[in-house]
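Enquirer: after the sequence you'll find the predicted model.
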Amino acid sequence: MSSQSPEFVWDILEPNLPLVQKPSRYIGCELGVVEPDWDKSANPVSWLLTYPDTYEIGLPNQGLQILFEIINEHPNAVAERGYAPWIDLEERMRTQNIAFFSVDTHRSASGFDVFAFNLSAELNYTNLLNCIDLAGVPIRADERTAEHPIVIAGGHCTYNPEPLADFLDAVVMGDGEEVVSEITDVIAAWKDADGSNRVELLHALCGIEGVYVPSAYSVEYTSDKPGAVVQSIEPQWPEAPEVIAKRTIADLADWPYPRSPIVPLTEVVHDRLNVEVFRGCTRGCRFCQAGMITRPVRERPAEQVARMVADGLESTGYDEVALTSLSTADFSGISEVVSEVMAQDTEGRISVSLPSLRVDAFGVDIASQLQNGRRSGLTFAPEAGTWRMRRIINKLIREEDLYGAVDSAFSQGWRRVKLYFLTGLPSETDEDTLGIARLARNCIEIGRRHHKSPSVTLSVGGFVPKPFTPFQWFGQNTVEELDRKVNLVRDAVRRERGIQIKWHDSRASQLEGVLSRGDRRLGAVIEQAWRSGATFQEWSECFDFDAWMNALESQGLTPEQFSNRHRGESEVLPWDHIDAGLHKDFLWQDWLDALDEVGLPDCRWTPCYDCGACTGYGIEHVVASAVPPAGGSQGTGQDLDTGGLIPEPAAVAVKLTGRQ
Amino acid sequence: MTRIRLKYSKYGKVRFLSHRDMAKVVERAIRRSHVPVAYSQGFSPRPKLHFGLALPTGYESDAEYLDIDLDPDRVGNRDPEVIAEGLQECVPRGITICEAAKVDPKGLSLQEMVTSTVWVARTGGVEEQLRERCSDLLKASTIEIEIERKGKQRREDLRPLLLALEVLETPTKESITPGPRLTFELGTKPRSIRPSELLDVLGITEPLGVRRMYQWTDSDATMHGPLGEPAPPSTHAKAPAS
């Protein structure tokens, strides 16, 4: 197909756009976009940065925007952006031989040197294949030749790159800011030298720290039988390291990106200015892969955050800014930044949002300062229904913290509270599950003290264990078990006025579990699911569980062997050759501690547990302030032994926040 | 309170922005260019912008209008043209502000005042057949069509709203896309119909391109545009009395 699609597709694409849904997805033209300069050097290395889901999901992705700018600043590189076309346009592209294209200059993907993907969700894997195929590039890495782009991926999913090993030429582990330039330089040298031998290039890429070339490794299994597990993963090339260590940028202050945030012309998710305030998290929630793999904590200096907010609002015209991180209320410069933004906003039209709110009155107090009267709803994530369970997952918030937060929210004008929970956690009993309903009932009771009809929405997701967490050895609950638990909660709140419940499709959780902790044998499964049309699997209307189960079965594999089975300490994990910065023995000890119901406070303010994240890189947590955050409860010196005392809702002493 | 009215054109890739998208784009452009816009009262103040009749997504236009209410405390003596120039810097390529003037804030809104809109469509197909179909249509006393509004089907007579319909000479110049072109004027009162609904009647389901040329009002005796643009004499001339 690549030979038939022209270098630029706009002219053949345009007549199709009036006939598809949301054509503005495909036009580019956004404000703030750096114009790619293809003439900056004689033979620049060109990158097509692709998010394998729709434009409105992919455009706000900050990683992609950051790399887009950094690559375009490189004297010898140019970057454009691509997003998965929706099914209606895809059909037209296939019948009319329109190749996968960039939205910046509508250039065919096959005209780029690097076809790079951000993988943030496992259910997007078939979309990755679809984008490659739409580009006219062979989906399997071993069928590509020098004329084809190098297919690279990065992002959280790639910490277990093995299910995609057949399709990716290279995988980038960790922060991309520095490594993209190193990859550019290696490719430039290869192009200048000869550029005809693809394997030579892959060998050279192996030498870059943080770059994993799957074809340089061979995997042995314990047997040919269906239940076999990985026995060994060994490098086959001299350049290939035995263990691939993730990349970590030491100081966020050196990377004030995106400098020119992209403002879409059409509706997207998270449609606001986003400013990253820190990377990493030391709360140590044991279910949270993001918190583990992005360690250590690296804060952006408060004055840089304030400047990025001010400049960003000025250049974009947004009236909302989100301060992003895994737990923004923990940002040591939060008060400084908030007062700075508020001082500049003389007309009171800017609202600041914190995507993740801490479950305590302090979090609500910050939210009330920021939201400028827009009190629609507040979201908290207690994650589990009992203190026992929360100690196991190390989400160390006490029931009184939650009630205090909820009381504070309802008393300050919010009418709707949303609570996030996981079910199917290690050693979860029905009492723990039903604790979710009990918390919800108590919260609605608190709400009635302040409003006639308060609302509490429960969002219940089935827990999916992820690599590089202490729960990576845990066997995920089956679809039936997750459904049973969700039904327990549903039945318990069915007659409660004001309580709504939403839950995640357990089958999607099951598939996510399989793809998260699977090995290379899943390559054939992903390919078969894609061939049977299972794309856009993140979209419930497209989700096709049967296609996946059929594909597994025809490969002689079962979901249980990847997802529902407990693993032992000695088993080789498919991602053992990747180093996310955490010592495996630390994770194993943390797993044992979890089963013993032992909590582990935040290490920023307590002695080091030697998880490996800091020591491995010769850097420590870069925290802008040495003082623990004000009003802290979770892990900041609270007495863990009293957390289990369940206060009666009526007796909660609500700490009023002085904003009367 | 001061109200300024802008006229702008919309060409090229940005024609795929919906009316809703445009509202957001304009709102952000206004903040970026520091237009001293007035805000509504209440919990979530919005800038006071008043859009005209929606342009269907995918259509181009020579004549879109937008009213902006200015905050009397901040407006100073800024000229509408200065405001328009500032705004032009902040809108995406393809949108060109071509006129700006103060209008009476107590006057009719754009949606109220516009009584007809003029369109040109590149239709594809054979010119002769198109001419025939147009002349049949103009001879008809009623043209019943099925239209959908807010999810409900209803029947409507298109004929009273069809004020003019003409096939233009096929251009011979190389710079203009060949193929027949159709121009038509549609009334907007009491309810407007969409250009696509007329084109459907003519059997044109996938036009190659449609552009709004003019918006007219007869609100005060003479035909003119919302910024006082004089209507060419030919307007309405081809509309047979119905």
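Expert: Cool, got the structure. Numbers count the residues shown, from 1 in each chain, chains lettered A, B, ... in the order given.
Enquirer: pull stretch A:579-587 out as CSV, backbone CA atoms only.
Expert: The C-alpha trace of stretch A:579-587 is given here as CSV (Å, rounded to 0.1, in the frame of the first residue of the first chain):
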residue,chain,number,x,y,z
ASP,A,579,15.1,-2.7,35.4
ALA,A,580,12.5,-0.2,36.5
GLY,A,581,14.7,1.0,39.3
LEU,A,582,13.2,-1.1,42.0
HIS,A,583,15.0,-4.0,43.6
LYS,A,584,13.1,-7.3,43.1
ASP,A,585,13.8,-8.3,46.7
PHE,A,586,12.3,-5.0,47.9
LEU,A,587,9.2,-5.7,46.0
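Enquirer: so for it, mean pLDDT?
Expert: Regarding stretch A:579-587, the rounded mean pLDDT is 95.
Enquirer: what sits up against that stretch?
Expert: With contact meaning Cβ atoms under 8 Å, 6 or more residues apart in numbering or on different chains, stretch A:579-587 is reached by A:159, A:173-174, A:243-246, A:248, A:292-293, A:295-296, A:467-470, A:472, A:576, A:609-613, A:616-617. Using the backbone N, CA and C atoms, a C-beta is placed for each residue, glycine as well.
Enquirer: pLDDT weak spots in chain B?
Expert: B:170-178, B:233-242 (pLDDT under 70).
Enquirer: of all residues in it, which one is closest to chain A?
Expert: At 3.3 Å from chain A, residue B:28 is the closest residue in chain B, using Cβ to the nearest Cβ.
Enquirer: up against chain B, what does chain A have?
Expert: Contact residues, chain A versus chain B (Cβ under 8 Å from any Cβ of the partner chain): A:15, A:17-19, A:23-24, A:26-31, A:263, A:265-267, A:314-319, A:349, A:373-374.
Enquirer: inside strands: which ones of these?
Expert: Among those, none falls in strands (DSSP state E).
Enquirer: hmm, which of those residues are the buried ones?
Expert: By neighbour count, with 16 or more other Cβ atoms under 10 Å in any protein chain shown, the residues of chain A next to chain B hold A:17-18, A:23-24, A:26-31, A:263, A:265-266, A:315-319, A:349 as buried.
Enquirer: circling back: and what about the residue of chain B closest to chain A, helix, strand or coil?
Expert: At residue B:28 the chain is in helix, as set by DSSP: H, G, I helix; E, B strand; the rest coil.
Enquirer: enumerate every residue touching the nearest residue to it once chain neighbours are set aside.
Expert: Nearest residue to residue B:28, sequence neighbours excluded (Cβ to Cβ, 6 or more residues apart in numbering or on different chains): residue A:317, at 3.3 Å. Residue A:317 sits next to A:31, A:263, B:27-32, B:90 when contact means Cβ under 8 Å, 6+ apart.
Enquirer: list buried members of the contacts of stretch A:579-587 by neighbour count.
Expert: Going by neighbour count (16+ other Cβ under 10 Å), the contacts of stretch A:579-587 have A:159, A:173-174, A:244-246, A:248, A:292-293, A:295-296, A:467-470, A:472, A:609, A:611-613, A:616-617 buried.
Enquirer: mind checking which of those residues land in helices?
Expert: Among the buried ones among the contacts of stretch A:579-587, the residues falling in helices (DSSP state H) are A:292-293.
Enquirer: ok, which stretches of chain B are helices?
Expert: B:19-32, B:80-88, B:110-113, B:127-139, B:195-201.
Enquirer: would you turn those into a markdown table with mean neighbour count and distance to residue A:520?
Expert: Formatted as a markdown table, these follow (neighbours: other Cβ atoms under 10 Å in any protein chain shown; distance: least, Cβ to Cβ, whole Å):
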| stretch | mean neighbour count | distance to residue A:520 |
| --- | --- | --- |
| helix B:19-32 | 19 | 44 |
| helix B:80-88 | 17 | 55 |
| helix B:110-113 | 16 | 61 |
| helix B:127-139 | 14 | 61 |
| helix B:195-201 | 19 | 52 |
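Enquirer: quick one: stretch B:218-233 to chain centroid distance?
Expert: Computed by Cα atoms, centre = their mean, to the nearest Å, the chain-centroid distance of stretch B:218-233 equals 15 Å.
Enquirer: what comes up buried for it?
Expert: Buried residues in stretch B:218-233 (16+ other Cβ under 10 Å): B:223, B:225-227, B:231.
Enquirer: for these, which one is nearest residue A:549?
Expert: Of all those, residue B:226 has the smallest distance to residue A:549: 60.9 Å, by Cβ to Cβ.
Enquirer: contact partners for residue A:524?
Expert: A:166, A:551, A:555.
Enquirer: hmm, try it at 7 Å
Expert: residue A:555 (Cβ atoms under 7 Å, 6 or more residues apart in numbering or on different chains).
Enquirer: cool, and residue A:44?
Expert: Residue A:44 neighbours (Cβ under 7 Å, 6+ apart): A:38, A:76-78.
Enquirer: rerun at 6 Å
Expert: For residue A:44, the contact set (Cβ atoms under 6 Å, 6 or more residues apart in numbering or on different chains) comprises A:76-78.
Enquirer: next one: it, what pLDDT does it get?
Expert: Reported pLDDT for residue A:44: 96.
Enquirer: and the one 4 residues further on, by the same measure?
Expert: With respect to pLDDT, residue A:48 scores 98.
Enquirer: so where does it fall, helix or strand?
Expert: strand A:45-51 (DSSP states H and E).
Enquirer: and that strand, what's buried?
Expert: Counting neighbours by 16+ other Cβ under 10 Å, strand A:45-51 gives A:45-51 as buried.
Enquirer: same deal with stretch B:146-156?
Expert: residue B:156.
Enquirer: residues of chain B that sit close to chain A?
Expert: Residues of chain B lying close to chain A (Cβ under 6 Å from any Cβ of the partner chain) are B:13-14, B:16-17, B:21, B:25, B:28, B:31-32, B:43-44, B:58, B:92.
Enquirer: what domains does the record give for chain B?
Expert: Here the domain parsing of chain B from automatic domain parsing is B:2-107, B:114-224.
Enquirer: mean neighbour count, the ones you listed: which tops it?
Expert: domain B:2-107 (a mean of 18; mean count of other Cβ atoms under 10 Å in any protein chain shown).
Enquirer: could you tell me the end-to-end distance of stretch A:551-569?
Expert: End-to-end distance of stretch A:551-569 (Cα to Cα, to the nearest Å): 30 Å.
Enquirer: in that stretch, what counts as buried?
Expert: Buried-residue list, stretch A:551-569, by 16+ other Cβ under 10 Å: A:551-552, A:555, A:557-559, A:561-565.
Enquirer: average pLDDT across it?
Expert: Across stretch A:551-569, the per-residue pLDDT values average to 97.
Enquirer: do the same with stretch A:115-124
Expert: Here the average pLDDT along stretch A:115-124 is 98.
Enquirer: end-to-end on it?
Expert: Across stretch A:115-124, first to last residue, Cα to Cα, it's 16 Å.
Enquirer: also stretch A:462-470?
Expert: From the first residue to the last, stretch A:462-470 extends over 17 Å; the measure is Cα to Cα.
Enquirer: secondary structure element for residue A:425?
Expert: Counting by DSSP H and E, residue A:425 is found in no helix or strand.
Enquirer: okay, now residue A:495: neighbour count?
Expert: 7 (other Cβ atoms under 10 Å in any protein chain shown).
Enquirer: distance of it relative to residue A:485?
Expert: Going from residue A:495 to residue A:485 by Cβ to Cβ, to the nearest Å gives 19 Å.
Enquirer: likewise for residue A:353?
Expert: For residue A:353, the distance to residue A:485 - Cβ to Cβ - is 31 Å.
Enquirer: swap in residue A:42?
Expert: Where residue A:485 is concerned, residue A:42 sits at a distance of 61 Å (Cβ to Cβ).
Enquirer: more neighbours, the two?
Expert: For residue A:42 versus residue A:485, the count of surrounding residues by other Cβ under 10 Å is larger for residue A:485: 25 against 7.
Enquirer: show the contacting residues for the more buried one.
Expert: A:423, A:433.
Enquirer: all set now, cheers.
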